[in-house]
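**Student:** Give me coordinates for this.
(one chain, ligands or ions: 1)
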Amino acid sequence: MTEGDETDLVRRGYNALSYHYRSDDAGDGRYAPWLAELKERLPRAGSVLDLGCGCGIPVARSLADSGYPVTGVDISEVQIERARRLVPAGTFLVADATQIRFPRGSFDAIVCLYALIHMPLAAQPQLLRHAAGWLRPAGWLLMVAGHHAWTGTQDNWLNGSAPMWWSHADAATYRSWLEQAGLEVTRQALVPEGDGGHSLFWARRPPLASAQSNRQQAQREARRPRTTCCLTETVPGGTGQLAHHAWPNRAKNARLDHHHSHAAPALARRCTKDFSPAAVCATSNRMTTSPTASTQLGRSHGHAARPITGAGGPGSRVFRGCGRGPGAG
Ligand SMILES: C[S@@+](CC[C@H](N)C(=O)[O-])C[C@H]1O[C@@H](n2cnc3c(N)ncnc32)[C@H](O)[C@@H]1O
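**Tutor:** Predicted coordinates for the structure are as follows:
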């Protein structure tokens, strides 16, 4: 079977089994707590996209009744026909969710419950990437997908006459796809069913401020000189602390400064005067360090710290522990 055949089998299957799957008057059932939580997370009148919305019961109905604009997408004509009748306030589209496109930042939340598992596995990560883009910053994705990986067909599903096809990855894979799509997974849970179950995910598009600051931070890091420079020190006599830093980590530089001012005042003066990578390297070649510290230095930066003199005082040795390299430690 080709991907197109499988998608068509699912479409025809839900056309035939729509009422077997859910009646017009079904209650919210297990969806009730999910819907309540979704509404708490939504801004006032926040817009929601329901991918694989089925007949609109219960998700679109519940959201529309609470005043949220909802758009449902489903590949089955029968499901969409029912949804339009059952949830007149909603907007419903017959479309393949893996093919449809929306402008970026169109929705405050996207819901996709038990639907991704009917789409070709190869198309699922891309759909999640698109969905992440359709969310506004700080928007939520609520998804129920596979827990164990499985692809296959079942005849007479729901005691109906049509076969049905599923294709899903395991929970860890879904989580990694969500993260690769740029979403923060804030919760993952098993929804038990028989001997197995499905995985529920709450994932969020990062708010603008944090997305911007992450981007800016990445740009700053990319512009910074890629010099590896590290040093370790201990106060002569073995009572001192380890100061171990790698350019270009500002936080660690700050710690270095702190340690210098306690353990090696002369070096502290030099380091704070000029904090360029070269100055730090020059400084670290003259540092006093303990053997333990030097081991750590060598391991974490891929080069050994070599002793150059034993002038550091009791329990200490001086190591040449500094190198320039393509990447920071
Ligand atoms: C198990 S039902 C779930 C319906 C609804 N989300 C719910 O939880 O009640 C799966 C739905 O996904 C729809 N679906 C499957 N593949 C789809 C695709 N490629 N694009 C859009 N909808 C699809 C099916 O037609 C079906 O209505």
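
**Student:** CA only for contacts and neighbour counts going forward, please
**Tutor:** Fine.

**Student:** the helices in the chain, which residues?
**Tutor:** Secondary structure of the chain, counting by DSSP state H: helices at 3-21, 32-41, 59-65, 77-86, 124-134, 171-180, 208-223, 250-263, 265-273, 277-284, 291-301.

**Student:** pLDDT weak spots in the stretch 201-329 of the chain?
**Tutor:** Applying pLDDT under 70 to the stretch 201-329 of the chain picks out residues 210, 224-329.

**Student:** please redo it, this time with the cut-off set to 90
**Tutor:** Low-confidence segments of the stretch 201-329 of the chain (pLDDT under 90): 208-329.

**Student:** Quick check, the residue in it closest to the ligand?
**Tutor:** Among all residues of the stretch 201-329 of the chain, residue 201 sits closest to the ligand, at 13.9 Å; criterion: C-alpha to the nearest ligand atom.

**Student:** Ok, the stretch 101-250 of the chain next?
**Tutor:** Among the residues of the stretch 101-250 of the chain, residue 115 lies closest to the ligand, at 3.9 Å counting by C-alpha to the nearest ligand atom.

**Student:** show me what contacts that residue?
**Tutor:** If a contact means C-alpha atoms under 8 Å, 6 or more residues apart in numbering, then residue 115 has 51, 52, 53, 144, 145 as its contacts.

**Student:** What pLDDT is listed against the spatially closest residue to the last one that is not a sequence neighbour?
**Tutor:** Counting by C-alpha to C-alpha, 6 or more residues apart in numbering, residue 199 is the residue found nearest to residue 145 once chain neighbours are left out, at 5.3 Å. Residue 199 is assigned a predicted lDDT (pLDDT) of 98.

**Student:** ok, now which ones touch residue 199?
**Tutor:** Residue 199 touches 144, 145, 146, 147, 171, 188, 189, 190, 191, counting by C-alpha under 8 Å, 6+ apart.

**Student:** Show me which of those are buried.
**Tutor:** Taking 16 or more other C-alpha atoms under 10 Å as the criterion, what is buried in the contacts of residue 199 is 144, 145, 146, 147, 171, 188, 190.

**Student:** Tell me who's in contact with the fifth one.
**Tutor:** If I follow you right, that is residue 171. Residue 171 sits next to 145, 146, 147, 148, 199 when contact means C-alpha under 8 Å, 6+ apart.

**Student:** If we use 6 Å, what do you get?
**Tutor:** Taking C-alpha atoms under 6 Å, 6 or more residues apart in numbering as the criterion, residue 171 is in contact with residue 147.

**Student:** Same check on the first one?
**Tutor:** Residue 144 makes contact with 113, 114, 199, 200, according to C-alpha under 6 Å, 6+ apart.

**Student:** do the last one as well
**Tutor:** Listed by C-alpha under 6 Å, 6+ apart, the contact set of residue 190 reads 198, 199.

**Student:** Write out the residues of the protein neighbouring the ligand.
**Tutor:** With C-alpha under 6 Å from any ligand atom as the criterion, the chain meets the ligand at residues 10-11, 14, 52-54, 73-76, 79, 95-98, 112-115, 118-119.

**Student:** can you do 5 Å?
**Tutor:** When proximity is defined as C-alpha under 5 Å from any ligand atom, the chain approaches the ligand at 52, 53, 54, 74, 75, 76, 96, 97, 113, 114, 115, 118.

**Student:** now those residues as TSV including distance to residue 27?
**Tutor:** Output for the residues of the chain next to the ligand, formatted as TSV (distance: C-alpha to C-alpha, whole Å):
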residue	distance to residue 27
52	18
53	15
54	14
74	20
75	23
76	21
96	27
97	25
113	16
114	17
115	19
118	23
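
**Student:** out of those, who has the most neighbours?
**Tutor:** residue 54 (29 neighbours; other C-alpha atoms under 10 Å).

**Student:** I'd assumed residue 78 was in contact with that residue.
**Tutor:** No - using C-alpha atoms under 6 Å, residue 54 is not in contact with residue 78; the gap is 8.8 Å.

**Student:** circling back: relative to residue 108, which of the contacts of residue 115 is nearest.
**Tutor:** Closest to residue 108 out of those is residue 51 (13.7 Å), distances taken as C-alpha to C-alpha.

**Student:** For that closest one, name its beta-bridge partners.
**Tutor:** On the basis of DSSP bridges, residue 51 is bridged to residue 73.

**Student:** on that earlier part again, so of the contacts of residue 199, which ones are in strands?
**Tutor:** Per DSSP state E, strands hold the following members of those: 144, 145, 146, 188, 189, 190, 191.

**Student:** give me the beta-bridge partners of the third one?
**Tutor:** Just to be clear, that refers to residue 146. With DSSP bridges as the criterion, residue 146 is bridged to residue 198.

**Student:** Who are the contact partners of residue 48?
**Tutor:** Listed by C-alpha under 6 Å, 6+ apart, the contact set of residue 48 reads 70, 107, 108, 109, 110.
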